[in-house]
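S.K.: Whatever this is, show me its structure:
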Amino acid sequence: MVELKANPYFLTETEIDWVNRTLDSMSMEEKIGQLFCPIGGNTEEKFLLDFLEEFQPGAMLYRPMPAAQVRSVHKFLQEHSHIPMLLAANLESGGNGICADGTYFARPMGVAATDRAENAYRLGMVSGREAQAVGCNWAFSPICDLDLNFRNPIMNVRTFGNDRERVISFVREQMRGLSEYGVAAAVKHFPGDGVDERDQHLLSSANSLSVEEWDDSYGRIWQSVVDAGALSVMVGHILQPAYSRYFNPALADEEILPATLSTELLNGLLRGKLGFNGVIVTDATPMVGFAAAMPRKEAIPAALAAGCDMILFNKDIREDYQAVRDALADGRLTGERIDEAVTRILAMKAAMQLPEKQAEGTLVPPEEALSCIGCEQHREWAEVCADESVTLVKDTQELLPVSPEKYKRIRLYLLEDRIGGGFKDGESAIGTVRERLEREGFEVSVYDYANPDFHEIFEGGVADIKSKFDLAVYVACIDTASNQSVRRIDWVHLMAADAPWFVREVPTLFISLANPYHLVDVPMVKTFINAYTPTEAVIDQVVDKIMGRSAFQGKSPVDPFCGAWGAEL
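M.R.: Sure thing, here's the model as predicted:
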């Protein structure tokens, strides 16, 4: 039973009547359409019209585009959809999650490093305001995961860290900021990522905590967001074996499934023990963690039967729709289960006042609303967050502050991504570092990765390296990215030529603009800074702080030493 007057819907009699009338008027094909949130790419109106007529999806997500373009697409979709749509985006780090020209506020871990929940509220508010301006009404955020394993390649700076209470506080504040602009949260990734060192994009990962450990960590977080009125929860392709067996002790190892396919975790834990009454949406179903769990034609209806209400993304959308039809025909899915899922989706839309906005023609605001995209106020708040987040992890050699008078010649090593990934927010600001340092009066030479100096590699000694520069500065921007097994420093394979072998000879400074765990690979470096977010605003704050013009204020939300011997020295 869906309790329409209860948390998180709190529907009025009028809203309940809309839900019931709408459900009663729908054909089975229309109901199946409501169960899907495909990803959009094509923006041509004829294509969109044909797509809507054939599939009638309940939701869609477009990757970031220029604000005016994404607004136009959203407006067309809403004007040609009989039932108002959920239009989603990954609003994890700011309005840039939906608008290419939106505000890149900060990675969640950068927000956490400020230790001020107000910045989490501003993250939600900036994201929500810019999303609302282009007609986006559904945020795949906040992230409720704990970053408990520094080797995990996908969570990292996407989380608010490893402290349960901080995560609870910051998630709720981010939700509050989003909701003030009519953007519903899909909190993620139930039952909790960050324990495993693997990425659910590549396999079904595992939350291996015991029932008691889970209750005291992730369980407390999830109960908090349920109580706070989250309208939707995104479920990961993540196993939680302890709770699967808690609800079904007879399960064999091979019968334990990721949460997206597990009735034990969805109905037993999320709906039952935690009391969640809202919409359950899968994480992206093209991920290997979902696709490899069982044949796709079985997995799509199995996810719905297990308790998911909406399927996120497709491989072949026609195959996925047909899989639902086939399961209805042979009894693996019932009409009652479809009605329950569609009722939850309609109730969520009613709770967001989408039917009223549709009637008023206000589902997508007028073009004037675009003035908030990347506006000065949002940039100022992002700068405040940057100032408060940059963290001096250690300076045991007492290097700081630096100046051109003390260290005129800088050798700059730029450690960047060599392969792109799907979750990096915005373009890296790493290329601006040289310009900022030269503006301060340093002479900067960038290590030449295209044409390495073979004399330096094979013949140069201490005198040679000291004759070339007074200070080595490493700037790493190895950002969280999907579909990659590790996010570690990958030195030049020839003799690790760019590694800091000279730390006992030349003062060395390391600045990470993303991954906060690089000390596991450079424990010998004595001055280390974490900055969490690769934006120009953060770069400016880092330069101010290493020059002594501004104090370091950030507090590490995780253990940057990774338990590595010598990393704190």
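
S.K.: Contact partners for V342?
M.R.: V342 makes contact with 23, 26, 31, 34-35, 58, 309, according to C-beta atoms under 8 Å, 6 or more residues apart in numbering. (Each C-beta comes from the backbone N, C-alpha and C, glycine too.)

S.K.: same check, this time on F36
M.R.: F36 neighbours (C-beta under 8 Å, 6+ apart): 55, 57-59, 310-311, 314, 317, 320-321.

S.K.: now, which of the residues you listed lie within helices?
M.R.: Applying DSSP state H to the contacts of F36, the entries found in helices are 55, 317, 320-321.

S.K.: Compare those and tell me which has the most neighbours.
M.R.: For these, the largest number of neighbours (other C-beta atoms under 10 Å) sits with D320, at 23 neighbours.

S.K.: doesn't I300 make contact with it?
M.R.: Yes - with contact defined as C-beta atoms under 8 Å, D320 counts as touching I300 (5.1 Å).

S.K.: re the thing from before, just the contacts of F36 now: which is nearest F458?
M.R.: N314 (53.1 Å; C-beta to C-beta).

S.K.: From V324, how far off is the closest one?
M.R.: Plainly put, N314 is 11 Å away from V324 if you go by C-beta to C-beta, to the nearest Å.

S.K.: Then V279?
M.R.: With C-beta to C-beta as the criterion, V279 and V324 are 17 Å apart.

S.K.: Just want to know which of those two has more residues nearby.
M.R.: Neighbours per residue (other C-beta under 10 Å) separate V279 from V324, with V279 holding more: 31 against 23.

S.K.: Not counting residues beside it along the chain, what's closest to the more buried one?
M.R.: Distance criterion C-beta to C-beta, 6 or more residues apart in numbering; nearest residue to V279, sequence neighbours excluded, is S232 at 4.1 Å.

S.K.: mind listing what that neighbour touches?
M.R.: Per C-beta under 8 Å, 6+ apart, neighbours of S232: 138, 184-187, 278-281, 348.

S.K.: hmm, 7 Å instead?
M.R.: S232 sits next to 184, 186, 278-279, 281, 348 when contact means C-beta atoms under 7 Å, 6 or more residues apart in numbering.

S.K.: Tell me how far it lies from A185.
M.R.: S232 is 7 Å from A185, where distance means C-beta to C-beta.

S.K.: what does E319 give?
M.R.: Separation of E319 from A185 (C-beta to C-beta) stands at 30 Å.

S.K.: Name the residues contacting each of D320 and I300.
M.R.: With C-beta under 7 Å, 6+ apart as the test, D320 and I300 both reach I311.

S.K.: how many neighbours does the residue lying closest to G182 once chain neighbours are set aside have?
M.R.: Nearest residue to G182, sequence neighbours excluded (C-beta to C-beta, 6+ apart): Q132, at 5.7 Å. Close neighbours of Q132, defined as other C-beta under 10 Å, add up to 21.

S.K.: still on that earlier bit, have a look at E319 and A185 and say which one is more surrounded.
M.R.: Between E319 and A185, A185 has the larger neighbour count (other C-beta under 10 Å), namely 31 against 12.

S.K.: so the more buried one sits right up against A139, yeah?
M.R.: Yes - in this structure, A185 is within contact of A139 by C-beta atoms under 7 Å, at 5.4 Å.

S.K.: what do these two both touch?
M.R.: By C-beta under 7 Å, 6+ apart, A185 and A139 have these common neighbours: L178.

S.K.: Quick check: the gap between P8 and F76.
M.R.: Distance of P8 to F76, computed by C-beta to C-beta: 29 Å.

S.K.: neighbour-wise, which of those two wins?
M.R.: For the pair P8 and F76, the greater number of neighbours falls to P8 (23 against 17), based on other C-beta under 10 Å.

S.K.: Verify the stated contact: that one with V226.
M.R.: No - in this structure, P8 is not within contact of V226 by C-beta under 7 Å, at 8.0 Å.

S.K.: quick one: contacts of the helix or strand of the chain with the lowest mean pLDDT?
M.R.: Taking mean pLDDT, DSSP states H and E as the measure, the chain has helix 454-458 as its least confident helix or strand, at a mean of 92. For helix 454-458, the external contacting residues (C-beta under 7 Å, 6+ apart) are 464, 494-495, 497.

S.K.: What subset of those residues is buried?
M.R.: For these, a neighbour count by 16 or more other C-beta atoms under 10 Å gives the buried set as A497.

S.K.: Farthest pair within the contacts of helix 454-458?
M.R.: The span of the contacts of helix 454-458, defined through C-beta to C-beta, is set by D464 and L494 at 17.4 Å.

S.K.: Check what pLDDT the closest residue to I338 other than its chain neighbours gets.
M.R.: Using C-beta to C-beta, 6+ apart and skipping the chain neighbours, the partner closest in space to I338 is K31 (5.3 Å). We note a pLDDT of 98 for K31 in this prediction.

S.K.: I appreciate the help and will end here.
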